[in-house]
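**Student:** Here is a sequence together with a model predicted from it:
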Amino acid sequence: MGHTIRSLAAAMGATAEGDLDLPIRGAAEPATATPDLIALAASPKYAEGLAQGGAVAALLWPGADWKALGLKAAIFAPRARYAMSGITRALDPGPAIAPGIHPTAVVDPSALIGEGAAIGPFVVIGAGVRLGPRARIAAHVTLDTGAQIGADALILYGAVIGARCVIGDRFIAQPGAVIGGDGFSFVTPEKSGVEEIRATLGQREEIREQSWTRIHSLGAVTIGDDVEVGANTTIDRGTIRDTRIGSGTKLDNLVMIGHNVVVGRDCLLCGHVGIAGSARIGDRVVLAGKVGVNDNIEVGNDVIAGGASSIFTNVPPGRVILGYPAMKMEAHVESYKGFRRLPRLFAQVAELQKAVSKLAKSD
């Protein structure tokens, strides 16, 4: 695809100066850019790299003297990372999926395929599936019975969409994602040791043999518009009601969403986040990498949880939390400072004990 400085600036909603018709093939870091690549130098700290590379055009910080930097053209980005979303979108060709249905794909006659859809090799589309217009389905994807997917979806290699799942427009699933697997629900004929421990917080009357019986998942998964799901992420279907993911929410790689979970709108769930069954996550919540959320609790709107936090109890809206167990971030920082001071404190106590012992002996 051909691009120019003019078209890239328009894609970003940014201003540009210089030769706006310069052809651009792609983007690069300043020190490695060639004349057909735009150098991404949106901060003054990258100016030195521009001198090392061969770029003639760059994405620069506001007020930069592009002529003094030896450039022929520049795009100015008041907010660099936001500008990156526009320029990378314009330069990304996307996966090579030929229009139409590949001869090796297996499509049930009852499936409804939207106009302009592209379905790759070895895709399996089950009975009653409804696939929206302009959807792109890469190789080895499975869309199970009765699944519904909106317009402009992009479902990449090896992803699985389970039976009866309903997904909105502009959905993106990275390779290996599984939407609508069975929930992890098992029960014992008698009260289990886990139930006893949860009630007593550690006390057990007796330890006895137990066997687990499956509770089948009759629900599905409902996903809103503009949701993205990372590689090898899993979203289990609900037991009776659907597991739900709100519009605009983004899930990183290797995220685990348990059965009956409700995730709100515009949330950001980073890699290795795990949310146990029936938890409720509000709108605009950010869970950093490796955050764990206990089952049957509620995390309020606009909560931000730092990396590896373990959330065991309800969290009120707007709180910033960190730690194990998760607490207010400032409280965790203070407690961690105290923890680091413990060796020094122990040494001081030992010295005091020696001094007191000497005084006692002298008496």
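**Tutor:** Received it, and whenever you're ready, just let me know what you need.

**Student:** From residue 316, how far out is residue 327?
**Tutor:** Between residue 327 and residue 316 the distance, using CB to CB, to the nearest Å, works out to 12 Å. For the C-beta atoms, the positions are set from N, CA and C on the backbone; glycine is no exception.

**Student:** quick one, which of these two is more surrounded?
**Tutor:** residue 327 (19 against 12; other CB atoms under 10 Å).

**Student:** tell me the contacts of the more buried one?
**Tutor:** Residue 327 makes contact with 321, 335, according to CB atoms under 8 Å, 6 or more residues apart in numbering.

**Student:** Report the beta-bridge partners for it.
**Tutor:** For residue 327, the beta-bridge partners under DSSP bridges are residue 322.

**Student:** What pLDDT does the model give it?
**Tutor:** Listed pLDDT for residue 327 reads 96.

**Student:** ok, now residue 363?
**Tutor:** Residue 363 is given a pLDDT of 68.

**Student:** what's the answer for residue 77, then?
**Tutor:** According to the model, residue 77 carries a pLDDT of 87.

**Student:** can you tell me how far it sits from residue 6?
**Tutor:** Counting by CB to CB, the separation of residue 77 from residue 6 is 15 Å.

**Student:** swap in residue 173?
**Tutor:** Applying CB to CB to residue 173 and residue 6 gives a distance of 34 Å.

**Student:** Look at the two and report which has more neighbours.
**Tutor:** residue 173 (30 against 16).

**Student:** what's the closest non-adjacent residue to residue 174?
**Tutor:** The shortest distance from residue 174 to any non-neighbouring residue, by CB to CB, 6 or more residues apart in numbering, is to residue 231 (4.1 Å).

**Student:** Any idea how many residues pack against that neighbour?
**Tutor:** Close neighbours of residue 231, defined as other CB under 10 Å, add up to 18.

**Student:** show me the contacts for it.
**Tutor:** Taking CB under 8 Å, 6+ apart, we find residue 231 in contact with 174-177, 253-254.

**Student:** Now with 7 Å, please.
**Tutor:** 174-177, 253 (CB atoms under 7 Å, 6 or more residues apart in numbering).

**Student:** Kindly report the same for residue 269.
**Tutor:** Residue 269 is in contact with 251-252, 255, 287, counting by CB under 7 Å, 6+ apart.

**Student:** hey, what's it bridged with?
**Tutor:** Under the criterion DSSP bridges, residue 269 forms beta bridges with residue 251, residue 287.

**Student:** mind checking how far it is from residue 235?
**Tutor:** Residue 269 sits 11 Å away from residue 235, going by CB to CB.

**Student:** Could you do residue 38 as well?
**Tutor:** 37 Å.

**Student:** do residue 65 as well
**Tutor:** 50 Å.

**Student:** How about residue 296, nearest residue that isn't a chain neighbour?
**Tutor:** residue 278 (4.8 Å).

**Student:** what pLDDT does that neighbour get?
**Tutor:** Looking at residue 278, its pLDDT is 98.

**Student:** burial of it, as a residue count?
**Tutor:** Number of residues near residue 278 (other CB under 10 Å) recorded here: 20.

**Student:** got it, and residue 324?
**Tutor:** For residue 324, the count of nearby residues is 12 (other CB under 10 Å).

**Student:** Repeat that for residue 49.
**Tutor:** Using other CB under 10 Å, residue 49 has 18 neighbouring residues.

**Student:** in the protein, which spans are helices?
**Tutor:** Using DSSP state H, the helices of the chain run over 5-12, 47-52, 80-91, 193-200, 329-362.

**Student:** what helices or strands is the last one leaning on?
**Tutor:** Read it as helix 329-362. The contact analysis (3 or more CB pairs under 7 Å, 6 or more residues apart in numbering; DSSP states H and E) places helix 329-362 against strand 320-322.

**Student:** what comes into contact with the strand it packs on?
**Tutor:** Outside strand 320-322, the residues that touch it by CB under 7 Å, 6+ apart are 303-306, 309, 315, 327-329, 332.

**Student:** try stretch 290-305
**Tutor:** 258, 264, 272-288, 307-321, 326.

**Student:** Kindly export it (C-alpha atoms) in CSV.
**Tutor:** Coordinates of each C-alpha in stretch 290-305 appear next as CSV, following Å, rounded to 0.1, in the frame of the first residue of the first chain:
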residue,chain,number,x,y,z
LYS,A,290,-0.7,-11.2,36.9
VAL,A,291,-3.5,-9.7,38.9
GLY,A,292,-5.8,-12.3,40.4
VAL,A,293,-9.4,-11.6,41.4
ASN,A,294,-11.3,-13.9,43.8
ASP,A,295,-14.6,-15.4,42.9
ASN,A,296,-17.9,-13.8,43.8
ILE,A,297,-16.5,-10.3,44.6
GLU,A,298,-17.0,-6.9,43.0
VAL,A,299,-14.4,-4.5,41.7
GLY,A,300,-15.9,-1.0,41.2
ASN,A,301,-15.6,1.4,38.3
ASP,A,302,-12.3,3.0,37.5
VAL,A,303,-10.2,0.8,39.8
ILE,A,304,-6.5,0.4,38.9
ALA,A,305,-4.7,-2.6,40.3
